[in-house]
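Colleague: From the sequence below, what's the structure:
(chains A and B)
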Number of protein chains: 2
Amino acid sequence: MDIDISKVSEKLNLDEEVVKNAIERRVISFCKYRDKRYIIFKKKVRHIERGTILFLNEEMDVVMGYPKIRRALVLDPTVKKHFIDKVIVEEKLNGYNVRIVNIDGEVLGITRGGRICPFTTKKISKLLNTDILEDHPEITLCGEVIGLNNPYVPHYYPEVDREIYKDGDMVIKENLGLYVFDIREGNISLPVEKRNKLLEEYNVPYVKPLGVFKKEDIEEIKNIVLKLNSEGREGIILKDPDMMVGPIKYTTHYTHCEDLSVAFRYTFDLGIHFMFSRLIREGYQSYEFNEGEEELERRAVSIGKSIIYPMVESIRKVSKGELITEDFELYFESEEDIEEFLRYLREVHISYVVKEREVLKDNIYRIVIGKVYPSTKDKIKSYLEGSLW
Amino acid sequence: MDIDISKVSEKLNLDEEVVKNAIERRVISFCKYRDKRYIIFKKKVRHIERGTILFLNEEMDVVMGYPKIRRALVLDPTVKKHFIDKVIVEEKLNGYNVRIVNIDGEVLGITRGGRICPFTTKKISKLLNTDILEDHPEITLCGEVIGLNNPYVPHYYPEVDREIYKDGDMVIKENLGLYVFDIREGNISLPVEKRNKLLEEYNVPYVKPLGVFKKEDIEEIKNIVLKLNSEGREGIILKDPDMMVGPIKYTTHYTHCEDLSVAFRYTFDLGIHFMFSRLIREGYQSYEFNEGEEELERRAVSIGKSIIYPMVESIRKVSKGELITEDFELYFESEEDIEEFLRYLREVHISYVVKEREVLKDNIYRIVIGKVYPSTKDKIKSYLEGSLW
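Modeller: Numbers count the residues shown, from 1 in each chain, chains lettered A, B, ... in the order given. Next up is the predicted model:
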């Protein structure tokens, strides 16, 4: 593809050789969304985060990759060591990370990996007021898309049930929402209060603080974790009010077990590091929350069930000749939108089957997509047929 | 070291270039046991198995590595597919694999990795009649050393309790035994009956068959597995009577959970593939044994406990400043034997601490060695001190 390497290297402050090399090694890949051409960094290259994208437009607009948020295995003393003084606790939502930008007058939704997702891009205008990006074209809104009806992380959140009416009738209940958790300019995050003020001005939904504490108030933070756990929610993000140090995440027992269930349902696709890390988190959490015999046993039972139940279920399914898929129910406004999204899935090499497809009203299209987990299917089948380990 | 590469390559039927290359890449390493010099293959090279050793003596005696035994995840149809007609079921013992050979008139015990182990070598003469190797110097006895009092896999087996008397008094009860499970000449295994006959002639202990079945009699084999499981034993090895196809192994729920306990006690040393494989085995076993709600739940509980209990225990230990070690109680006949063995541990890069050391009688020396798991200790400590994941 035609690309001005010297301009790219100047824009990103990378040596030309580094850029050339990254292209050769396919660490940089070339993509297109409608009339927009852009390049993606699929891995970190020097100071350029994975997921960074650069548009091949006049200005060569750059959207920096969203940095990895590191994790505390124990809150005490990690929080005390890491933060400066105060700590803001926000809820960590279990959805997918999206960066929202205005490029040449168009609002786009970019995934963590750096792809412009047509599904997300189209939903954004329904989920938030995009005027904020018109008035402030230099910022990136960083948010989490949550709810059952998204194509990546389907997880029900009661607060994002949206009833869609046509001609006075409720046609669908779409469970989908978007909460902004960070506003960035280049590599800098806005201080939390400034972020909130700006978002409130435009009535953009954002993750509300669950509390502001002194960094020594670990017990209060632990109580928040326990409460979120009992409500079946994912966890917390801890932030310095001025964003002078990076945020830290910490997740609930509930989420670790949910993750394990998913991992063992798609046994051979999700990767053993995924499983191992969840188990490790459980160990440290049990230790830190100073669990007695009874609580420890309860934890053991739910871990064991999260592992063995979904795994056996998948084996049984394959033994009956059924396909192992993860199903996503999505709503679109047109056939073209569906087709564009399916084309996108193929482009990013996600295998899927269309399980259901129907028109509910003039411009409400419902589709159920089954994401196929090929290794899980093939390996289970092969072992059941007598292959040796 | 001085080594005649052309002779080695001729002896092993490997190109000289291949041998040279393996030496350069340190796949071949040079070792010494008393006056015996030998080389080890630390990885498989062409047809030469990992653990193969070649003595740098006049004859350049070669002891082939013991081949990996493959595993069935489900007995049905794997056994039917793999075997020819009949299947001999033998117990799989939970100890360590040793090859016993006579080199220049000396009987040696070689570990799976290809090292001459001084502990094993000295115990052999007490555990079996080595005349068999004097009369048949061309054979390799392949056996499993089991019992609490060995330096690698301490696991109690009631049948190998040995009471050692001195001057009419019982001084110690050593739990240690050796059962031969294969006799090999080069790369060929003796048929099972021939093996048994030869071993009986010399009264050498060997693993007794638990049954001989038609390969279609899977239910009978499953019943053996259930019985072994209820007795807390490791599993089975399935063999073709004539050893015309390779053996297959299959293990019990009991052993999977024991393995998980060990893995999560030494969380960061044993490797996640070790953990993952045990969990996978559980899934297929539960499926194949057609477990109902209750059995499945029981399995889930024991898996969960095997993971979380030892992990939390290790974290607690480190938090109190204690060392994470796996302890081995061993008996020797002299100070020199102890020193030789400790030197050997250092040579093979096993970190240890001597926890107890005492003389029980003139020539019975008791020592408790704690094998140190350095990554587990360091990583747990670091996370407890606030390191981010």
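Colleague: what's the closest residue to A:Thr252 other than its chain neighbours in contact with, if anything?
Modeller: Nearest non-adjacent residue to A:Thr252, counting by CB to CB, 6 or more residues apart in numbering or on different chains: A:Asn229, 3.8 Å away. (C-beta placed from N, C-alpha, C; glycine too.) Counting by CB atoms under 8 Å, 6 or more residues apart in numbering or on different chains, A:Asn229 touches A:Thr252, A:His253, A:Tyr254.
Colleague: Output these in TSV; the columns should cover pLDDT, secondary structure and neighbour count.
Modeller: Shown next, in TSV, are these (pLDDT from 0 to 100; DSSP: H, G, I helix; E, B strand; the rest coil; neighbours: other CB atoms under 10 Å in any protein chain shown):
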residue	pLDDT	secondary structure	neighbour count
A:Thr252	98	coil	25
A:His253	98	helix	23
A:Tyr254	98	helix	18
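Colleague: packing partners for the stretch of helix or strand A:Ile164 belongs to?
Modeller: Using DSSP states H and E, A:Ile164 maps to strand A:161-166. Applying 3 or more CB pairs under 8 Å, 6 or more residues apart in numbering or on different chains; DSSP states H and E, one finds that strand A:161-166 contacts strand A:169-175.
Colleague: 10 Å instead?
Modeller: helix A:118-127, strand A:169-175, strand A:352-361 (3 or more CB pairs under 10 Å, 6 or more residues apart in numbering or on different chains; DSSP states H and E).
Colleague: Tell me which of the ones you listed is the most buried.
Modeller: Highest mean neighbour count of the helices and strands packed on strand A:161-166: helix A:118-127, a mean of 20 (counted as mean count of other CB atoms under 10 Å in any protein chain shown).
Colleague: Now tell me what touches the helix or strand immediately after it in the chain from outside.
Modeller: Later in the chain than helix A:118-127, the nearest helix or strand by DSSP H and E is helix A:131-135. With CB atoms under 10 Å, 6 or more residues apart in numbering or on different chains as the contact definition, helix A:131-135 has outside contacts at A:100-103, A:105-108, A:124, A:139-141, A:180, A:183, A:198-199, A:201-204.
Colleague: Just to be sure, which of these are found in strands?
Modeller: Using DSSP state E to define strands, the subset of these located there is A:Ile100, A:Val101, A:Asn102, A:Ile103, A:Glu106, A:Val107, A:Leu108, A:Thr140, A:Leu141, A:Val180, A:Ile183.
Colleague: so what's the fourth one bridging to?
Modeller: Just to be clear, that refers to A:Ile103. Residues in a beta bridge with A:Ile103, per DSSP bridges, are A:Glu106.
Colleague: residue in chain A nearest to chain B?
Modeller: Nearest residue of chain A to chain B: A:Gly304, at 2.9 Å (CB to the nearest CB).
Colleague: Once you drop chain neighbours, what's closest to that residue?
Modeller: Nearest to A:Gly304 is B:Gly304, by CB to CB, 6+ apart, at 2.9 Å.
Colleague: and what of A:Ile124?
Modeller: For A:Ile124, the closest residue by CB to CB, 6+ apart turns out to be A:Gly109, at 5.2 Å.
Colleague: wait, doesn't the one you found sit right on A:Tyr152?
Modeller: No. Using CB atoms under 10 Å, A:Gly109 is not in contact with A:Tyr152; the gap is 11.6 Å.
Colleague: mean pLDDT lowest for which of the helices and strands packed on strand A:161-166?
Modeller: Comparing mean pLDDT over the helices and strands packed on strand A:161-166, the weakest stretch is strand A:169-175, at a mean of 88.
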